[in-house]
Every structure is written in structure tokens, then in C-alpha cells.
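Trainee: kindly generate the corresponding structure for this input.
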Amino acid sequence: MTLTTTAVLVPLLPFLGAVAGLLLGRRSPGFVRPLAVLPTLAAAALAIAVAVEQGGGPSTDVATQLTPTGSIPIDLALHIDGFAALLAVLVGCVATCVQIYSTGYLRDDPRYPSYAALVSLFTSAMMLVVYTGDLMMLLVGWEVMGICSYFLVGHYWETEAARAASLKAFLVTKLGDVPFLFGIFALAADTGTFRITGILGSVARDGLDHPTLIALLLLAGVAGKSAQFPLHTWLPDAMAGPTPVSALIHAATMVAAGVYVVARLLPVFAASAAAMVVLAVMAAVTMVGSGLAALAQDDIKRVLAYSTVGQLGYMTGALAVGDRGAAVFHLIAHGAFKALLFLGAGVIIHAAGTNSLAAMSRMSGLSRRVPDAFWTMTVALLALAAIPPFAGFFSKEAVLGAAEHAATGDVHGIPGAAGWTVLISGLLTALLTAAYATRLWLLAFRGKGAEAPDHGPQPIVMNAVLWVLFLPTAALGLAAPFLPDWFDGRSLTPTLTTSVLGTGIALVGGLVTYGAWRHTTALAARFPLGAVVATPDVTPAVAEETAIDTHAPAYGDIAAAPDPADPGRLLLGRLHRHAAVGFHLDAVYSALFVRPVRGAATLVRFLDREVVDTYVRGAGAAPRWLGAAVRRAQTGNVQTYLGALLAGSLVLAVAAVLVATGTGA
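Mentor: Sure, this is the predicted structure:
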């Protein structure tokens, strides 16, 4: 097969698998798992074949017009370069791991057929976004992912938390998609094409008439899809979905799409210095804020969710300083170790038989009961904290190195302020990342909570997937010297300054957290009733969310008995209660948007019922009353009719006389 044919099959196979799964899932249950796994596995194999054939050579561009539009044409276009080839491999491999893992994790779920089909459709949509060379076709995959996330996050729709989380994810991302759509239209109107190559050529040749406006409109959609401040609040709540879905969303689809689009269209953003500064500030606030929030969460999946928000901030920070190679490299490395972390958390949850053990304050003895998850997650947390020689060290240092170059003025067209903003916030986030990664490991694997009953061994496929993802987590960083040819030619080798600073700060964060844990553990031993515990921060809503995966009762007592040995409370102090609820952004949005909209809706309902309906009812009542009066006059008595006729004639005669008298006068 040619490269073009192979590339077309990559998104097509999961799509066909999804259609077949939806049609045959109920009627032929025996075909569900093969239809879930085999098309996705084949797509991953073909994506690897495309990457091998494409290599670091010139991009492959093939297009055919979809339909004449009368103005700007829409094309079925492929655009495959090093970025697209490697990211497609990530998407295919992670999606395959998720599908295989789900056969064990959701083996008794009655809605597994629809779940598996939606995961395949999700994968196909992301592959379309990666490979397409036309922005309108990209928008199709972009929106299909949005609707898939709505159904998958709300998989356990019996619970209020899942329904609310799916609706929130859909609405918040749509809030960004509206300006994103207008940004695409404005960009096409400015350049005369939806083709990505044509747009980039026009920007390089003629520039843009409104670069800042276009960049900010596109950036709104990216902030929603990739969960960047201020549209990031949907991602932690999306943990109400099944854990494998969380791994897919956080590692290879949905949130990766926004970063990829900015990387693909980076010259459009770089045409506006103001847009690059906005991107840098957005990344900085996202990184630091999510790091603080992660340090205050008790639910293991919410810690990982805020971690994803922060790591995406690193990627957008790299883009803000003009280095899309570093951004995509970190995107790929992060996809490997974050998928491993989420699927490892799923093993922990599955071992307990209830998602209540997602609360780290309740965990105990897990290193003995789930040794595969313990060892693989330990390495993944080291990669997350950017400790050498694991993948996260190389990719994160590439971001910090790019920020250092921009801060010193070595990158043409990038404001120095953007470089300094990303560099300083990136180093601070390295400290916070190491702190919450260490805290997660200590509470999850060395915690002193009540040990839950053992629910037997884990399905082999779940543990096997962890070890498959362990390999890129441990060794992907070694590929850094060979990747520049796949990207823009820039070196991804860590620089000495940022390597020393980043690693040193990470070690400080880990050691300080460990010291705080030892201190709080000693205090908890002296005061077993929890005298050193601050005001609990886990709300009943959060507690309910953690009972989603297996329909277990929510652990309502967790708010009353938080872990007294939690180092996060000691490290954050009074900031802890604010960080635990995401710095009240949801409350702010409720006050600014939700309540006014509900108030306006209440007013409209009042006007509709009490004003508009009153006139409508009155318009109907008047003829009804007139009809009733006329009906009463129809007695059927001839004498009555004659009397009325004579009385009427008399009245008319008197009236005529009066009129005549008045006229004569």
C-alpha cells in the first residue's frame, strides 16, 4: 500500500469498528471485544508503518475537493509530517491499551458495547484531527470528540455526579468552540483557504490583516479543549467517567488536540506578539494554579487530572516561546506516563471493588496487594516529576530550555517577557509537581488508612497493559537526540542550566514533602483523634463522584475524617481549603454566568406566564363570553323573539327621532 492509502485507513478502521460495534453489540455480544480491540490495534500498527515510511522527510500532502462551495473550497486533505506521524502513533498505542484494559476493567458492565464503540469513534476523530490538512475537516474531528466525551464521561448516568460532569465538559468546551469556529472562518477569509499548508504559506508571504484577533479567537477554543485557564474546570470533574476513559482523554485525545492545533498553526499565533504573551500568561497561571490544586486533592484521579492541566500548561508554554518541537515531545512523553498513571489508578480502584479507595486518605497496604501498579506507577511518578533518566525529564527540560532561550532574546519574534514568564512559572511548577507526585506516592502506597477487603487478583490484561506503557515511560527520553529531524530541527537535548535547576528544584520538592509527611505522621501517632487536622475540604459532591466506577455507595464519612498525615495540608497551610476547591473558580462562574442566566430565565418565565399568557387568555375569553351571551338568547320561544324584535325596532325608532331632532335643530 502507498503511504496515502495507509494513512487513510488509520482513522477509517476505528470508525468502521465503532459503527459495527454499535450495530452488532447488542445482537452479537461475542463480537464486541474483537470489534473494540482489533480495528484499533490495526490502526496503531498502520500508524507505526506511516511513521516509519514518513520519517523526518518532507511532509506528505494529498488533497481532493470535497464539494464546490462557491467561495473557499473544502478539501479532503492529508498533511503528514514528523509531528503528525509521531502523534498518531501515540494515539493509536494508547487507544489500543485502553481498549485492551477495558475488556478486564468493564468486563461485567452491561453498557460495555456502547462504551467500546464510543472509544473507537473517539480514537477515529482524534486520528482525523492529527492527519487532516484542512481546517474544516479538522473541525469535524474536533466536534466529534466533544460529543464522544459527553457520552463517555456520563457513562454512569445513574449518578448525579456523572450527569453533571458530562454536561459541564460539553458546555465548557463548547464555550470555547464558538470563538474557535469564528477564528477558523476569519483565518480562511484572510488567507483565502482552509488548507493548512495554504494558510501557513500565506502567513509567511503576506502576513495577516488581523493576526491578534484571529489568534485570540483560536486560543479560546484551545483553552476549552486542552483545559487551560480559565476554561480548565471541566477536566477534574470529568473523573466521574470510567477510569480508562480518563486515561484516553488525558493522554492521547481531546486535551492533546488543542496543543496539536496550536503547534500546527504556530506561525499564525507568532504573527502577533500580544497573542504570544497572552499564551504565555495563560500557560503560567495554568501551571502554577493546577500544581497548587493537585497538592490539595484527596481523590487520586483528581490529583492526576490537575496534573494533566499543569503538564498541558508546559506544552502551551513551549508554544508561547516558539518551540513546537519541545511542546509535541512533551505531549508524547506525557501521554505515555499519564496513561500509565491513570490505568494504574484503575487497578487500585478495581482491587478494592469500590471507587471509594480513590480517596488517598483511605488507602493502606496497596504496595503489597497491587505490586504491578506499585512498581509501574512509581516509575511514572518519577517521570512526572522530571527525575532523570525517565521520559518526563527529557521532555520537560526541552520546554524549560526553550523558555530560557526565549528569555535571553535568542528566539526571533518572541517577546522576552513571554520567555521569562514561562521559565519562572515552569521552575515553580517543577517544585509543585514533585511535591504532589511524592505526596500521591506516600499516601497511596505508604498510607495508614483503613485497609479495604481484598477482592481477588486483577485481570491479567490490566496488569499487562501497565508494563507495556512502562517501556516508553522509562525509555522514551533516550530518543530525544534522534527526534529533531522529525520536528523543526531544533535540539531537544537538555541544557545544563535548566537541567540542574529543574532537577534540583524537583528534588527539593520531593524531600520537603517527604519531611512534611514524616512530621504529620508523627503528630498523627501522638494525637490519633486528628487534633492537627484542619477543616475538612472533601465535599459530599466530591465524595459522590468517587463512587462512580462500580456504583458503590459514596463514602460520606471521608469528609469527617481526613487523613491527619496528609503533608499537603501542612505545606499549603491556609491556602489548602482554597486550593482543594480549585480556588473557587466554579463559584465565580456560577456568580457571573449561571445565576444571571437563571435569573433571566426566571424573569422570562414570569413574563411569559403572567403577561403574554394573560393577553392570550384574554383574547380567548372575550369571544367565549360573547358566545355564551348569544347562546343564552337562543331560547326557541317565538314570542320572545318577536318581543325582542319589537323592542329593537322601538329603540331604533327612538334613536332615529333623536338624531333627526338634533339635525333639525
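Trainee: ranges for the strands of this structure?
Mentor: With DSSP state E as the criterion, the chain has strands at 60-67, 74-80.
Trainee: ranking the ones you listed by mean pLDDT, which is last?
Mentor: Of all the strands of the chain, the minimum mean pLDDT falls on strand 60-67 (a mean of 86).
Trainee: which positions within that strand qualify as buried?
Mentor: 60, 62-63 (16 or more other CB atoms under 10 Å). For glycine as for every other residue, the C-beta is placed from the backbone atoms N, C-alpha and C.
Trainee: and which of the residues you listed is nearest to residue 519?
Mentor: residue 60 (57.8 Å; CB to CB).
Trainee: low pLDDT regions in this structure?
Mentor: Within the chain, the segments meeting pLDDT under 70 span 1, 352-358, 449-456, 527-564, 663-665.
Trainee: in CSV: the strands of the chain, plus distance to residue 332.
Mentor: Below are these laid out as CSV (distance: least, CB to CB, whole Å):
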stretch, distance to residue 332
strand 60-67, 20
strand 74-80, 16
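Trainee: compare those and give me the one nearest residue 623.
Mentor: Using CB to CB, these put strand 60-67 closest to residue 623, at 53.4 Å.
Trainee: quick one: contacts of that closest one?
Mentor: Residues outside strand 60-67 that contact it (CB atoms under 8 Å, 6 or more residues apart in numbering): 3-4, 7, 54, 73-81, 133-134, 137, 195, 197.
Trainee: the helices in the stretch 501-650 of the chain, which residues?
Mentor: For the stretch 501-650 of the chain, helices defined by DSSP state H, counting those that start in this stretch occupy the ranges 540-545, 567-572, 576-580, 585-589, 595-606, 613-633, 638-664.
Trainee: hang on, the earlier thing: which among the contacts of strand 60-67 count as buried?
Mentor: 3, 7, 54, 73-75, 77-81, 133-134, 137, 195.
Trainee: not counting its neighbours along the chain, what's nearest residue 3?
Mentor: residue 53 (5.2 Å; CB to CB, 6 or more residues apart in numbering).
Trainee: from residue 6, how far off is the one you found?
Mentor: 8 Å (CB to CB, to the nearest Å).
Trainee: what number of residues lie near residue 375?
Mentor: 15 (other CB atoms under 10 Å).
Trainee: same question for residue 9.
Mentor: 20.
Trainee: is it true that it touches residue 46?
Mentor: Yes. Contact criterion CB atoms under 8 Å: residue 9 and residue 46 qualify, at 5.5 Å.
Trainee: closest to residue 174 out of the buried residues of strand 60-67?
Mentor: Looking across the buried residues of strand 60-67 and measuring by CB to CB, the closest to residue 174 is residue 63, at 29.0 Å.
Trainee: just list whatever residues bridge to that closest one.
Mentor: residue 77 (DSSP bridges).
Trainee: any idea how far it lies from residue 487?
Mentor: Taking CB to CB, one finds residue 63 at 23 Å from residue 487.
Trainee: then residue 115?
Mentor: When residue 115 is compared with residue 487 (using CB to CB), they lie 35 Å apart.
Trainee: the two - which one has more neighbours?
Mentor: Between residue 115 and residue 487, counted using other CB under 10 Å, the more crowded position is residue 115 (24 against 21).
Trainee: what comes into contact with stretch 496-514?
Mentor: 385-388, 393, 396-397, 400-401, 403-404, 426-427, 430-439, 442, 567, 571.
Trainee: in this structure residue 473 contacts residue 380, no?
Mentor: Yes. Residue 473 is in contact with residue 380 according to CB under 8 Å; the separation is 5.3 Å.
Trainee: most tightly packed of the helices of the stretch 501-650 of the chain?
Mentor: Mean neighbours per residue, mean count of other CB atoms under 10 Å, is largest over those for helix 567-572, with a mean of 23.
Trainee: just checking, what packs against that helix?
Mentor: For helix 567-572, the packing partners by 3 or more CB pairs under 8 Å, 6 or more residues apart in numbering; DSSP states H and E come out as helix 416-445, helix 496-526, helix 576-580.
Trainee: most tightly packed of those?
Mentor: Buried most deeply of those, by mean count of other CB under 10 Å, is helix 416-445, with a mean of 24.
Trainee: check which helices and strands that helix sits against.
Mentor: helix 273-294, helix 300-320, helix 366-369, helix 371-384, helix 391-407, helix 496-526, helix 567-572.
Trainee: what's the closest of these to residue 588?
Mentor: helix 273-294 (13.0 Å).
Trainee: what comes up buried for the closest one?
Mentor: In helix 273-294, counting by 16+ other CB under 10 Å, buried: 275-294.
Trainee: am I right that residue 572 is in contact with residue 583?
Mentor: No. If you go by CB under 8 Å, residue 572 and residue 583 don't touch, sitting 11.7 Å apart.
Trainee: hey, what's in contact with both of the two?
Mentor: residue 292.
Trainee: skipping its backbone neighbours, what lies nearest residue 80 in space?
Mentor: Nearest one to residue 80, counting by CB to CB, 6+ apart, is residue 60 at 4.4 Å.
Trainee: go on, residue 325?
Mentor: residue 487 is the one closest to residue 325 (CB to CB, 6+ apart), at 3.4 Å.
Trainee: how close does that neighbour sit to residue 326?
Mentor: In terms of CB to CB, residue 487 sits 9 Å off from residue 326.
Trainee: kindly report the same for residue 345.
Mentor: Taking CB to CB, one finds residue 345 at 28 Å from residue 326.
Trainee: ok, those two, which is more surrounded?
Mentor: residue 326 (30 against 26).
Trainee: shouldn't that one be in contact with residue 320?
Mentor: No. Taking contacts as CB under 8 Å, residue 326 lies outside contact range of residue 320: 11.0 Å.
Trainee: quick check: neighbours shared by those two?
Mentor: Counting by CB under 8 Å, 6+ apart, nothing touches both residue 326 and residue 320.
Trainee: before we move on, the earlier item: how about the helices and strands packed on helix 567-572, which one is nearest residue 590?
Mentor: Closest among these, using CB to CB: helix 576-580, at 15.9 Å.
Trainee: which elements pack onto that closest one?
Mentor: helix 273-294, helix 567-572.
Trainee: reformat those helices as JSON lines; add distance to residue 111.
Mentor: Conversion of those to JSON lines gives the following (distance: least, CB to CB, whole Å):
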{"stretch": "helix 273-294", "distance to residue 111": "31"}
{"stretch": "helix 567-572", "distance to residue 111": "36"}
